[in-house]
Structures are given as C-alpha cells and as structure tokens.
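[1] Predicted model and sequence below, questions to follow.
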Amino acid sequence: MADVDAGLLASTGVARPRVVVMPTASFPDGEDVFERWASMGVAHFAGLGAEVEPVLVRDRADADDRAAAQALGEADLIYLSGGKPGYLRRALDGTVVGRALLAAHERGAVLAGCSAGAMILAGHAFEFRVRVLPWPLRWARGLGFAPGVSVVPHYDAWPEPLSALIAFQAPRGSVVLGIDEETAAVGRDGSWQVHGAARVTVWRGRHRERFRAGDTFRI
C-alpha cells in the first residue's frame, strides 16, 4: 500500500507530514501483536518520509491521557490498525482521545485505517458473535466519520456469496463498501475514489456496482 499511503501523505500539503499510528484495535490480541502493529506502522510511514509517532492507547484509561490526545491534535494523518472494531469503539467512546480524533477530522486531518480500523471509521460496523453459529452478525454504530456507510474489509479473501451475505445484513439504508485486499476507498465530501490493486464493490441494498483503481463514485 506504499503508493496509496504516499498519496494520502501528499494530500496533506505538508512537506514532512506528522503521522500518528494508533494500534488500539489490536490490543485484545495480545501485547506482542499490539506492539508489532505499532512498529510496522512507524517503519512504513517513516519509509515514506513522514514524521511518525505511535500512540499506544490500550484501553479507556489510556484514551483519557491528554498527551495522547495532544499527539492526535498535531497529526496530519492518523492511522488506525486492524484488530477488533468493537473494542476500538468502546475504548474511544466519550474519551479525551476520542474527542481529539473528532477534532482532527474537523480541521482536515486525514483519517485512515485498515481492516478493523477502516470498519470503525464508518457509520456502522459488524462483529461476529462468540458462539457456535456466528449468524446473524451483530451490527453496532461506528465512529461515524463516513455516515450511512458500512465497510466489509478483505472482501476478496472469501467467496463472494459469503461476503455478499455480510453486506446484506447491514443496517437498512446503509451503503456497503466491500474493499478488496491491497485496495483503498478514499473519500472526501461524499465523493470516493478507488486506489490500489483490486476493486471496491458497492452494495446499495441488493444492487451491486464494481469499481477499480481511478474510478469514482458518490455516496
């Protein structure tokens, strides 16, 4: 994703953008995973010429740390890692860092994420139920930076009937973005453009559209 992320950095208009990498969503998977996400993010964005700071918010207590919130307040791009989307939302909801994320968005900072990080930026996000049968999915509100949108990441990693079944369970009226691996949907002011190696599948109810790199669509 180097080319995609280089484009996001360039869009800030800053010669050496400040990037915050926040691996909070991965914390339920263990400290080693959490630290690996942070170190990968630092290496990746530093290699693209950015000044990078990992903000190690593990839980709600950390999310009320004003130093962490200040780091978000100075960032040109904030990147949310993969992991558990519901955990990330619960960790940030109503906290100092959660409010700093909102303020960063309002002043024009780039918010980006992969997997769980991308899911939770949307209006709704799904979670698999912890039981023998994972269906139906549990849908909860996301952070709402893309209202009316739900994201199905790794869309091409499963047979499409399974990915489509997830999309069909999204809350009524939600536009579902099925984002293939090594692919990004970059949105601003309701207009979205596809970047990367594969496709974005847009579901509006049972109506499906496909878009490849360079294609644009509106929500």
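    Happy to help now that I have it.
[2] Show me where this structure has its helices.
    2-11, 31-47, 66-73, 85-92, 96-106, 116-121, 160-168 (DSSP state H).
[3] now Gly173: how far from Gly13?
    According to Cβ to Cβ, to the nearest Å, Gly173 and Gly13 sit 35 Å apart. Quick note: C-beta positions are derived from backbone N, CA and C, even for glycine.
[4] So for Pro153, which of the helices of the chain sits nearest?
    Among the helices of the chain, the nearest to Pro153 by Cβ to Cβ is helix 116-121 (5.6 Å).
[5] now Cys114, nearest residue through space, not along the chain?
    Gly82 (5.3 Å; Cβ to Cβ, 6 or more residues apart in numbering).
[6] show me the contacts for the one you found.
    If you count contacts by Cβ atoms under 8 Å, 6 or more residues apart in numbering, Gly82 has them with 25-26, 37, 113-117.
[7] try 6 Å
    By Cβ atoms under 6 Å, 6 or more residues apart in numbering, the residues touching Gly82 are 114-116.
[8] Serialize these to a markdown table and add fields for neighbour count and pLDDT.
    Listed next are these as a markdown table, based on neighbours: other Cβ atoms under 10 Å; pLDDT from 0 to 100:
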| residue | neighbour count | pLDDT |
| --- | --- | --- |
| Cys114 | 21 | 96 |
| Ser115 | 20 | 96 |
| Ala116 | 25 | 96 |
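[9] just for the chain, where's the confidence low?
    129-136 (pLDDT under 70).
[10] Using the record's assignment, carve it into domains.
    1-114, 115-219 (automatic domain parsing).
[11] Would you mind finding the most buried of those?
    Highest mean neighbour count of these: domain 1-114, a mean of 19 (counted as mean count of other Cβ atoms under 10 Å).
[12] okay but Leu77 is in contact with Arg18, surely?
    No: using Cβ atoms under 6 Å as the test, Leu77 is too far from Arg18 to be in contact (7.6 Å).
[13] Give me the residue at the spatial middle of the chain.
    Nearest to the mean C-alpha position of the chain, by Cα atoms, centre = their mean, lies Ala118 at 1.9 Å.
[14] Show me the beta-bridge partners of the closest residue in space to that one that isn't next to it in sequence.
    Here the nearest residue to Ala118 in space, its sequence neighbours aside, is Val151; by Cβ to Cβ, 6+ apart that works out to 5.1 Å. Val151 has the following beta-bridge partners by DSSP bridges: Leu177.
[15] Good, wrapping up.
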